[in-house]
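>>> make a model of this:
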Amino acid sequence: MKKTKQIFAVTGVVILVGMYLITLVLALIDNPHTFDLFKISIGLTILIPVLLWVYLAMYRYMQNRRQSNQDASNSKEP
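Residues are numbered from 1 along each chain as shown. The predicted model follows:
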């Protein structure tokens with residue numbers, strides 16, 4: 001579980017930093033869509049960590065559920 005969390009944390013950081021760099025580069029070259037990309041960057045700054053948290057919560061729930069099912073099936077065997 002710890003390794004999975006680390007992988008998702010690094011992935012989230014890479015996505016966010018890449019998104020900011022793209023917005024910065026487009027702002028420096030005076031792209032007409034820079035403000036739209038900036039708004040998207042702000043929205044994704046909130047959305048990406050929330051989605052990662054939801055995924056990890058679901059993963060933890062499924063792991064606990066799988067373990068409780070295995071424990072229940074092992075206790076039924078003679």
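
>>> going by C-alpha atoms from here, please, whenever you check contacts or count neighbours.
Will do.

>>> regarding this protein, what is its longest helix?
Looking across the chain with DSSP state H, the single longest helix is helix 34-76.

>>> so where's the chain uncertain?
Where the chain drops to pLDDT under 70, the residues are 1, 75-78.

>>> go with 90
Where the chain drops to pLDDT under 90, the residues are 1-13, 15-46, 48-49, 51-53, 55-60, 62-78.

>>> skipping adjacent residues, who's closest to the residue nearest to the spatial centre of the chain in space?
Centrality entry for the chain: nearest residue to the mean C-alpha point is L52, 2.7 Å, by Cα atoms, centre = their mean. Leaving aside its sequence neighbours, L52 sits nearest to F8 (Cα to Cα, 6 or more residues apart in numbering; 6.9 Å).

>>> pull the distance from the host helix or strand of that neighbour to the chain's centre.
Using DSSP states H and E, the element containing F8 is helix 2-28. Remark: helix 2-28 is offset 10 Å from the chain centroid, using Cα atoms, centre = their mean, to the nearest Å.

>>> show the contacting residues for L37.
T23 (Cα atoms under 8 Å, 6 or more residues apart in numbering).

>>> for L47, see how far away it is.
Using Cα to Cα, to the nearest Å, L37 is found at 15 Å from L47.

>>> how about T11?
For T11, the distance to L47 - Cα to Cα - is 14 Å.

>>> cool, and V54?
Going from V54 to L47 by Cα to Cα gives 10 Å.

>>> A9 too?
From A9 over to L47 (counting by Cα to Cα), the distance is 14 Å.

>>> which residues touch Q63?
Not one residue lies near Q63 by Cα under 8 Å, 6+ apart.

>>> count of neighbours near T23?
21 (other Cα atoms under 10 Å).

>>> what separation do you get for it and V13?
15 Å.

>>> picking up where we left off before, when A9 and L47 are compared, which one has more neighbours?
A9 (15 against 12).

>>> what sits against the more buried one?
Counting by Cα under 8 Å, 6+ apart, A9 has contacts L52.

>>> how near is it to I22?
20 Å.
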